[in-house]
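> Sequence plus the predicted model coming up.
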Amino acid sequence: MEAACSKISFVDAHIHLSDEEYSECVNEIVDEAKSSNVIALISNSVDLETSVKSLELAEQYPKIVFAALGIHPWNVNNLGDDELQKTLQLISEQRQNKALIAIGEIGLDNTYAKVLDRQLMVFNEMLRLAEKLGLPVIIHSRGTTTQIIEMLPSYNLQRVLLHWFSNPINALSKVVKERYYISEGLPTAFSNGIREVVRRIPLTNLLTETDGPVRFSKPPFSGKRTTPAFIPTVVKAIAEIKKMNTADVTGQIIRNFEKFFGVKLN
Ligand SMILES: [Zn+2]
């Protein structure tokens, strides 16, 4: 039985609220989140422009939107003059700003392997800055999880989140050993691979996300614009997999969020 009187809350630890596709409807998205009891959204950035935008959004919607700033591996080849330096500088300058809570989305993606050297250069700069400033990192590791997990111990990072962790499944033991976190989203409801990851990861290492705006063709999300209002469905799927009740699952996920990002949620 779930407690009827205690409010069940949710978090979206990875959304691209600064994405063009959301630009006309951020108010609506934040309202939808609130009415679904999603009490925190981390606006991840992909370049300098979205980093500035994420900070603005976090300042505009305090205590519900938080900013992660960084350069996504997909963007390393399209950086403008001094864009890397300017982004690093922005993060340093804003270190004391409560709206900024992580460096992300950063990482490596082997779909774009021809620019892997450049990805590595940008990733290394971001990790060095995270080390220096003591900020958590949110990492994209498509096709590169093993490589990333091998390189991370050479940095002095306190908090590492591998977002949308999918494979290889045997890397999970290292994730747990190093006390890294992973975040999972809508595929928890329909993907056997992701459900297996969720089954194996201790709940204390797990966060929830949408990675919006992405679109899924699978029910129950087919054809719908991704919003944080889908997070309760993700938590329900986690609860089924873990054979726990929703309130206990989301209670632990909220505690994980607070511990990982160093914020207290209302
Ligand atoms: Zn993302």
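Yep, it's here. Since we're looking at a predicted model, the values are computed, not measured.
> do you know how far Gly143 is from the ion?
15 Å (C-beta to the ion, to the nearest Å). Just so you know, the C-beta spots here come from the backbone N, C-alpha and C atoms, and that holds for glycine as well.
> Pull the contacting residues for the closest residue in space to Thr144 that isn't next to it in sequence.
Spatially, and ignoring its direct neighbours in sequence, Thr144 is nearest to Leu108 (4.0 Å; C-beta to C-beta, 6 or more residues apart in numbering). Leu108 makes contact with 73, 116, 119-120, 123, 140-141, 144, 147-148, according to C-beta atoms under 8 Å, 6 or more residues apart in numbering.
> Walking through the stretch 151-266 of the chain, point out its strands one by one.
Taking DSSP state E, counting those that start in this stretch, the strands of the stretch 151-266 of the chain run over residues 160-163, 181-184, 206-208.
> Mean neighbour count, mean pLDDT and distance to Lys242 added to those, as JSON lines?
As requested, the strands of the stretch 151-266 of the chain are exported to JSON lines (neighbours: other C-beta atoms under 10 Å; pLDDT from 0 to 100; distance: least, C-beta to C-beta, whole Å):
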{"stretch": "strand 160-163", "mean neighbour count": "24", "mean pLDDT": "98", "distance to Lys242": "19"}
{"stretch": "strand 181-184", "mean neighbour count": "26", "mean pLDDT": "98", "distance to Lys242": "12"}
{"stretch": "strand 206-208", "mean neighbour count": "25", "mean pLDDT": "98", "distance to Lys242": "9"}
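> who wins for proximity to the ion among these?
strand 160-163 (6.3 Å; C-beta to the ion).
> Give me the residues contacting the closest one.
13-14, 102, 104-105, 136-141, 145, 148, 152, 175, 178, 180-183, 207, 209, 211, 260.
> Which ones among those map onto helices?
When these are checked against helices (DSSP state H), the matches are 145, 148, 175, 260.
> Return a ChimeraX selection command for the buried portion of these.
Selecting only the buried entries of the ones in helices among the contacts of strand 160-163 in ChimeraX, with 16 or more other C-beta atoms under 10 Å as the criterion:
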select :145,148,175,260
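> Need the ones in helices among the contacts of strand 160-163 in a markdown table (columns: pLDDT and distance to the ion).
Listed next are the ones in helices among the contacts of strand 160-163 as a markdown table, based on pLDDT from 0 to 100; distance: C-beta to the ion, whole Å:
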| residue | pLDDT | distance to the ion |
| --- | --- | --- |
| Thr145 | 97 | 15 |
| Ile148 | 97 | 15 |
| Val175 | 96 | 18 |
| Phe260 | 98 | 17 |
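> wait, which of the ones in helices among the contacts of strand 160-163 is closest to Lys63?
Phe260 (16.9 Å; C-beta to C-beta).
> Report the buried residues of the longest helix that the chain contains.
The residue-count maximum for a helix in the chain (DSSP H) belongs to helix 116-133. For helix 116-133, the neighbour count (16+ other C-beta under 10 Å) marks 116, 119-120, 122-123, 125-127, 129-130 as buried.
> could you dump the residues you listed to a markdown table with pLDDT and distance to the ion?
Shown next, in a markdown table, are the buried residues of helix 116-133 (pLDDT from 0 to 100; distance: C-beta to the ion, whole Å):
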| residue | pLDDT | distance to the ion |
| --- | --- | --- |
| Leu116 | 90 | 19 |
| Gln119 | 96 | 15 |
| Leu120 | 96 | 19 |
| Val122 | 97 | 16 |
| Phe123 | 98 | 15 |
| Glu125 | 98 | 19 |
| Met126 | 98 | 15 |
| Leu127 | 98 | 17 |
| Leu129 | 98 | 19 |
| Ala130 | 98 | 17 |
